[in-house]
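J.: coordinates for the following, if possible.
(chains A and B)
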Amino acid sequence: MSLHPTILSLPVAIPLLFGALGMLIQSLPLARRLQIQQTLVGIAIGANLVVAVILLVSALTGGPVAYQMGLWVPPFGITVYLDAMTGIMLTMVGLLSVLIYPFALATIDAERARLGFFPMMLFLLMGANGAFITGDLFNLYVFYEVLLMASFVLLTIGGTPSQINGGIRYVVLNLMGSMMLLLGAGIAYGTLGTLNMAHIAVRMADAPYPVQAMIGGLLLIAFGAKAALFPVFFWLPSSYHTPHPAVTALFSGVLTKVGMYSMFRVFPLFFPWLLNSWQPLLMTIAGLTMVIGVLGAFAQPTIRRLLSFHIISQIGYMLMGLAVAMTPNPYGIGFGLALAILFLVHNQIVKTALLLGGGAVELEMGTGKLNELGGLVKLRPVQATIFFIAAFALAGFPPTSGFIGKLGLLEVTFSSGQWVIAGVSVFVSLLTTMSMIRLWQYIFWGKPHRQPLTPRRQAHSNQALMTTAPVVILVVLSLLIGVVAQPMLDVAQTAANQAIDRAAYVKAVNPELTEQDLRIAPPDLHLSNTPHPAQVAGR
Amino acid sequence: MTEIYLRLVDKILTPIIILIAIFLFLRGHDLPGGGFIAGLVAASAIELTILARGAEATRDRYGPWLIPLAGLGLVAAATAALLGLYGGGFFRSIWLEFYVFDDKLKFGTPQLFDLGVMFVVIGMALTYLLRLSEAAEATAVKQAALEERVEESRL
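T.: Take a look at the predicted model:
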């Protein structure tokens, strides 16, 4: 399937245009305005999902495509780049936003809607899509800022003191992460003379090790802060439990996953060899992230606090997969990355299902405190069942997607000779299972401690359907991935193979630039003021 | 809050600063200037009005239009990018050139984009400035009340 590459701009253009239209009608009467805004958001996320699926199919069948914004020649213009990994992420985030939308429609209160909740959802989507699709390091930073601002508004919308408290921690710690990314981009520009990712990939091979280490380290810290890896995860548990449950679900599916995706993109492209030479460091971070996340979850008193610690714990598994991506093993190079991608998708699905299910309980009962809940299994048998399946999917039981992801990661780490981390991951899985049983037991088992709140304002007559159906769909998806694992694994393997194929990336962005640059090794880029031959050729 | 000098300065300077903003905007494409800086300058002109006449009066005048203005700016920017499709690609710039008394005039989609940026900056900066000024005024009123009470207790 071949597409006109202009369609690559749509994942950013659609949310931007519809979000702007939503702001434009701010001075209309409230009821009318909300009606129009909700319709606009519905159209936009639907269109976005359709475009994302088309892009995914085209990338899977036709290979990577790049497009130059405004048709400026690389490395001067901004490149957007699509391969199967980008397509998977665009589709997943599009799907999650489509599923969270009815939940938000049914449960969001009038005050938050008045303050512009729905247009902000679109700006969040735009930031995430932009970060997925961009092929320019500075542009990536810009989209991270868009994402940060939109998520900050969503986090503090409603303005309760706990939200402001969480929001300030969130924004301060995330700004530090962004600063690291900006520093990394600045150093890349100062030493390699380019910000275009394909161009950086070409020049990185000839750069001295300190430059590689500096850029790699800064990017590791920056994306680690975004993805909530071990020493820099503190913003997540202090903010995720404060906003509306729909927002938490959206964040868990988008924010940390964007950070992880950027790592998947940047490390195999810029310095795949660092994945091997830094393997002990990455494994240590991954192991500590897993262990500390899951141990933190045991100490948490509310549903969403507990689940947000599990987000951190699961991120460790993805880093583990990335760390063995370039290690030779019987399954082939890149198998680790394929499983990390599969695990990321699994995590997006299951975590969103758990947070939506838990959020619905919290909204219905008026509290998320575990020791005040209980006995909901009789009252809400459907919710209890799907929450049970989702919880065991997170723990990694067959026949769910979690089983496939964890088994595969275990096999690839074992066969790469990483015994310690494999052992740690099994141990953490056990703890996750215990924690999930504890969570389910507290919410659904035992005697009811309190009655559900009578809904003060029934926004929609079919509210129960609109809050439960998305969770059911997500759980079914998780089971589907678990049952028909081979096709899903093939898709992930294709994505991983495209992601580690540096030559294809560079070729897709600019074929001429590649050959020029691969022939000429610039001796001391950071000292010479003369333009690089490729730049001259580019002009 | 309604200092006579400030009001005089506002009356004279605000239109001039707005003219400067328009000048900066038009100068923008090839020379220093452009939508962002023009938006900031225009917002600073209206900040002068806030200082002279108080945040409340300014909000009555401009308040309801600020967010729609930012929205309009975003729509203009997105439209400029989409118009580029006509010229061959997303964000491709299209220029129209014509002559007025031997002077070449150029209009194009980058200008529309820049106009959008200017609107967004004005809308957002003023929303922010109005909130800050309101908070500052509320603090000032509280402070005055407190001082009055201290004064009374002294008597």
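
J.: which parts of chain A sit against chain B?
T.: Contact residues (Cβ under 8 Å from any Cβ of the partner chain) of chain A with chain B: A:6, A:9, A:13, A:16-17, A:19-27, A:67-71. Where C-beta positions appear, they are placed from N, C-alpha and C, glycine not excepted.

J.: if any of those residues are buried, give me the PyMOL selection for them.
T.: Of the residues of chain A next to chain B, the buried ones go into a single PyMOL selection, burial set by 16 or more other Cβ atoms under 10 Å in any protein chain shown:
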select buried, chain A and resi 6+9+13+16+17+19+20+21+22+23+24+25+26+67+68+69+70+71
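
J.: narrow the residues of chain A next to chain B to those in helices?
T.: A:13, A:16-17, A:19-24 (DSSP state H).

J.: quick one, helices of chain B?
T.: Counting by DSSP H, the helices of chain B are B:4-27, B:35-53, B:55-62, B:66-83, B:109-154.

J.: where does pLDDT dip in chain B?
T.: Scanning chain B for pLDDT under 70 picks out B:1-2.

J.: pLDDT-wise, which helix or strand of chain A ranks last?
T.: helix A:533-538 (a mean of 48; mean pLDDT, DSSP states H and E).

J.: and the next helix or strand past the helix or strand containing A:A492?
T.: Applying DSSP states H and E as the criterion places A:A492 in helix A:485-500. With elements assigned by DSSP H and E, the helix or strand that comes after helix A:485-500 is helix A:502-509.

J.: which elements pack onto that following helix?
T.: strand A:65-68, strand A:79-82, helix A:197-204, helix A:245-270, helix A:511-519 (3 or more Cβ pairs under 8 Å, 6 or more residues apart in numbering or on different chains; DSSP states H and E).

J.: mean pLDDT added to these, as JSON lines?
T.: Putting these into JSON lines (pLDDT from 0 to 100) gives the following:
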{"stretch": "strand A:65-68", "mean pLDDT": "88"}
{"stretch": "strand A:79-82", "mean pLDDT": "91"}
{"stretch": "helix A:197-204", "mean pLDDT": "87"}
{"stretch": "helix A:245-270", "mean pLDDT": "92"}
{"stretch": "helix A:511-519", "mean pLDDT": "55"}
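
J.: how many neighbours does A:V484 have?
T.: 11 (other Cβ atoms under 10 Å in any protein chain shown).

J.: got the contact list for A:L480?
T.: If you count contacts by Cβ atoms under 8 Å, 6 or more residues apart in numbering or on different chains, A:L480 has none.

J.: is it in a helix, a strand, or coil?
T.: Using DSSP: H, G, I helix; E, B strand; the rest coil, the structure places A:L480 in helix.

J.: these two touch, right, A:Q300 and A:S313?
T.: No: judged on Cβ atoms under 8 Å, A:Q300 makes no contact with A:S313 at a distance of 12.0 Å.

J.: and the host helix or strand of A:T61, what's buried?
T.: For A:T61, the host element (DSSP H and E) is helix A:30-62. For helix A:30-62, burial by neighbour count (16+ other Cβ under 10 Å) applies to A:33-34, A:36-38, A:40-42, A:44-45, A:47-49, A:51-52, A:54-56, A:58-60.

J.: do you know the pLDDT at A:Y331?
T.: Residue-level confidence at A:Y331 comes out at 83, pLDDT.

J.: show me the contacts for the residue nearest in space to the middle of chain A.
T.: Computing the C-alpha centroid of chain A and ranking residues by Cα atoms, centre = their mean puts A:K257 first, at 1.7 Å. The contact partners of A:K257, by Cβ under 8 Å, 6+ apart, come to A:89, A:92-93, A:227, A:344, A:347-348.

J.: can you flag which of those belong to helices?
T.: Going by DSSP H, the helices hold A:89, A:92-93, A:227, A:344, A:347-348 from those.

J.: neighbour count and pLDDT for those residues - can I get that in CSV?
T.: Conversion of these to CSV gives the following (neighbours: other Cβ atoms under 10 Å in any protein chain shown; pLDDT from 0 to 100):
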residue, neighbour count, pLDDT
A:M89, 29, 95
A:M92, 22, 95
A:V93, 28, 95
A:A227, 27, 92
A:L344, 27, 94
A:N347, 26, 94
A:Q348, 22, 93
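
J.: a markdown table for the residues you listed, including distance to A:A496?
T.: Converted to a markdown table, the ones in helices among the contacts of A:K257 look like this (distance: Cβ to Cβ, whole Å):
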| residue | distance to A:A496 |
| --- | --- |
| A:M89 | 13 |
| A:M92 | 15 |
| A:V93 | 19 |
| A:A227 | 18 |
| A:L344 | 11 |
| A:N347 | 16 |
| A:Q348 | 17 |
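
J.: what is the nearest of those to A:I443?
T.: The closest of the ones in helices among the contacts of A:K257 to A:I443 turns out to be A:N347 (Cβ to Cβ; 20.8 Å).
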